[in-house]
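1. Sequence first, predicted model second:
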Amino acid sequence: MRLEAREEMAGIKTMNGRTVVNYMARDYDSFLRSMRDLIPEKLPEWKDYESEADFGNVLLQLFAHMGDILNYYQDRVANESFLGTAQTRRSMIQHLRLIGYKLSTAVPASTELTLTLPADCNETVTIHKGDAFATKSQKDKPSVRFEYTREEVLTIDCSTLPVTEESATNRKYKMYGGIPVEEGRLVEDEILGTSDGTANQRFPVVHPKLILRSVGNGQEINKDVVLLTRLGEETPEAWTLRETLAFSRDEQKDYIIDIDEEDQATVIFGDGAFGAIPPAGAVIKATYRVGGGSHGNVPRDSITTIVDAPQLALLSAKVTNPAPATGGADRESIAHAVRHAPYAFRSRKRAVTAGDYEALALDYGGVGKVRAEAAGFNTVRLFVAPEGGGKVSDVLRAGLLAHFEDKRPVATIVEIEDVEPISIYVTARVDVERYYSRDDIREKVLGAARRLLAFENVGFAQTIYLSKFYEAFEAIDGVTGVTISEFWPEEPNPGAIAHEGKIKLGPHEIPQVPDDPEYSGGMRISLTGGED
């Protein structure tokens, strides 16, 4: 705000012969100036009110400071009252609750492990829910924990596995692949408290970042959260997680989970009219999983440590993940909620148009990009790219299908398909200015190419322009010239430039950086000039 405008805003006005305070004064300086302007009229005997040593001036400054703080909070309250201007996650949760939209919690990444066993192993190995594996920790990067999460025990009869021999070392071993794991940690039988028999009881969960992925029927996928009550020595009984208690009957054993702005989960029971009340003295226990986040999207061959599966460690077994872990996503941001919630609200959680299917699919955590197409009169095909790229895991596929159970028309079939990633091959010669390090320039050029093809910056049916690469490379400080001799999709083709410098991708294709050892970081670069 200009100084002149502020002085005018804080000035004293006269109306009908009476002095009127300008209530538009809202900051410290304006408040202080307004009060000082009133002194000659209200207290003419006070002459040295601008002296820093005057105690009355100290009081004026304190009142101005208090007014500044109060107006700050008034502005914050006004801002937090509207979805478009709210800044705090707590306000967003409350606003979106009015339209039945819940902010997504963090979603765990998933992948499959391959188990390597000694060639002489003929035992039967079992893998149970909670058996854990992890990546190796690094100096600035802690290890990421993955667990087997299925309820059924995985049994592996090693005597039936074929023996494989490595030609280079003549080492013999057995392999078993396809062990599904998910990032996170299992917390079993945690005591939340004891029921006092009153209505609407609330029990906070100890560990934050609870993994909760609601689906259409109100229960979450894979039974990550199970509530048990125990009264004396009676047999424990399971209660059912619902999305809301509004449709629960008086004796229906249901509960809901509320997650606040700090990712702290609270279990809430009914009041006897909407949902049953746990009997007095019942011990409330919970089994759940915590974790989730984009840090779980680890590269292939990085999960190599057996953390908590002693039956495997005793056999000298080894594990690895042949494919990268994908689908991990951080909790939904405020910006995403503001942008996406209106689409989900307009669809009324009913999937009819292609836009409805896409909006509702993006509402499910772990989905990075999606394209919906009609594949017949009663079939909708969703082409899904998980957060972090890669293929759709079994966990994500099952969760998405369940997510649409109460949203699709009864006769409509939903199919989940992987997108088609297309590698873009680029070969460039870069001229480097004197006194610039060639290694630094190389890293900056590779970084610019990676940003152009980064997952969050690309989309379906996109056109990739050669000119964008020239523009990005030539904008790097220290680059004096660039010549790109290869710009080609799908496979290396040295010396080939796509027609008109454009690569047009299909409706199910997304560009990616090629995974080719000859194209370090997605490019082949030769540098001239500069310094070593």
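-> Sure, I can see it.

2. Which SSE is immediately downstream of the helix or strand harbouring Ala398?
-> Assigned by DSSP states H and E, Ala398 belongs to helix 394-403. Later in the chain than helix 394-403, the nearest helix or strand by DSSP H and E is strand 413-418.

3. Quick one: mean pLDDT for that next one?
-> Here strand 413-418 scores 90 as its mean pLDDT.

4. buried stuff in the helix or strand following that strand?
-> The helix or strand immediately downstream of strand 413-418 is strand 420-437, counting by DSSP H and E. Residues of strand 420-437 classed as buried by neighbour count (16 or more other C-beta atoms under 10 Å): Pro421, Ile422, Ser423, Ile424, Tyr425, Val426, Thr427, Ala428, Val430, Asp431, Val432, Tyr436. Every C-beta, even on glycine, is put in place using the N, C-alpha and C of the backbone.

5. got it, and stretch 48-67?
-> Asn57, Leu60, Ala64, Gly67.

6. I'd like to know how many residues surround Glu166.
-> 9 (other C-beta atoms under 10 Å).

7. Look up how far Tyr173 lies from it.
-> Counting by C-beta to C-beta, to the nearest Å, the separation of Glu166 from Tyr173 is 8 Å.

8. returning to what we had before: among the buried residues of strand 420-437, which one lies nearest to Ile39?
-> The nearest member of the buried residues of strand 420-437 to Ile39, counting by C-beta to C-beta, is Tyr436 at 63.6 Å.

9. What separation do you get for Ile503 and Glu243?
-> 44 Å.

10. Give me the residue ranges of the stretch 301-450 of the chain where confidence is low.
-> 343-349 (pLDDT under 70).

11. swap the cut-off to 50 and go again
-> The stretch 301-450 of the chain contains no residues with pLDDT under 50.

12. Lowest-scoring secondary structure element of the protein by mean pLDDT?
-> Using mean pLDDT, DSSP states H and E, the weakest-scoring helix or strand in the chain turns out to be helix 3-10, at a mean of 41.

13. At which residues are the helices of the stretch 51-200 of the chain located?
-> Secondary structure of the stretch 51-200 of the chain by DSSP state H, counting those that start in this stretch: the helices cover 55-80, 89-97.

14. okay if I get the ones you listed as JSON lines plus distance to Trp488?
-> Converted to JSON lines, these look like this (distance: least, C-beta to C-beta, whole Å):
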{"stretch": "helix 55-80", "distance to Trp488": "50"}
{"stretch": "helix 89-97", "distance to Trp488": "45"}
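
15. Just give me the lowest mean pLDDT stretch among those.
-> helix 89-97 (a mean of 80).

16. for Ala313, phi and psi?
-> phi -60, psi -40 (degrees, to the nearest 10).

17. and the spatially closest residue to it that is not a sequence neighbour, helix, strand or coil?
-> Nearest residue to Ala313, sequence neighbours excluded (C-beta to C-beta, 6 or more residues apart in numbering): Ile306, at 5.2 Å. Following DSSP: H, G, I helix; E, B strand; the rest coil, Ile306 is assigned to strand.

18. Correct me if wrong: Ile306 contacts Ser316.
-> No: using C-beta atoms under 8 Å, Ile306 makes no contact with Ser316, being 10.1 Å away.

19. Looking at those two, which is more packed in?
-> Per other C-beta under 10 Å, whichever of Ile306 and Ser316 has more neighbours is Ile306, with 19 against 10.

20. and that one, what is it in contact with?
-> Listed by C-beta atoms under 8 Å, 6 or more residues apart in numbering, the contact set of Ile306 reads Phe133, Leu312, Ala313, Ala317, Lys318, Val319.

21. one more time with 10 Å
-> Leu113, Leu115, Asp131, Ala132, Phe133, Ala134, Leu312, Ala313, Ala317, Lys318, Val319 (C-beta atoms under 10 Å, 6 or more residues apart in numbering).

22. For Arg289, state which of those is nearest.
-> Distances from Arg289 to the contacts of Ile306, taken as C-beta to C-beta, are shortest for Ala132 (11.4 Å).

23. Measure how buried that closest one is and give me the count.
-> Neighbours of Ala132 (other C-beta under 10 Å): 17.

24. returning to what we had before: which among the contacts of Ile306 end up buried?
-> Leu113, Leu115, Asp131, Ala132, Phe133, Ala134, Leu312, Ala317, Lys318, Val319.

25. Closest one to Val410 out of these, please.
-> Nearest member of the buried ones among the contacts of Ile306 to Val410, counting by C-beta to C-beta, is Leu113, at 38.1 Å.

26. Check what pLDDT the closest one gets.
-> 93.

27. just checking, it touches Glu182?
-> No: at 11.0 Å, Leu113 does not count as touching Glu182 under the criterion of C-beta atoms under 10 Å.

28. what's the overlap in contacts for those two?
-> Common contacts of Leu113 and Glu182 (C-beta under 10 Å, 6+ apart): Phe146, Tyr148.
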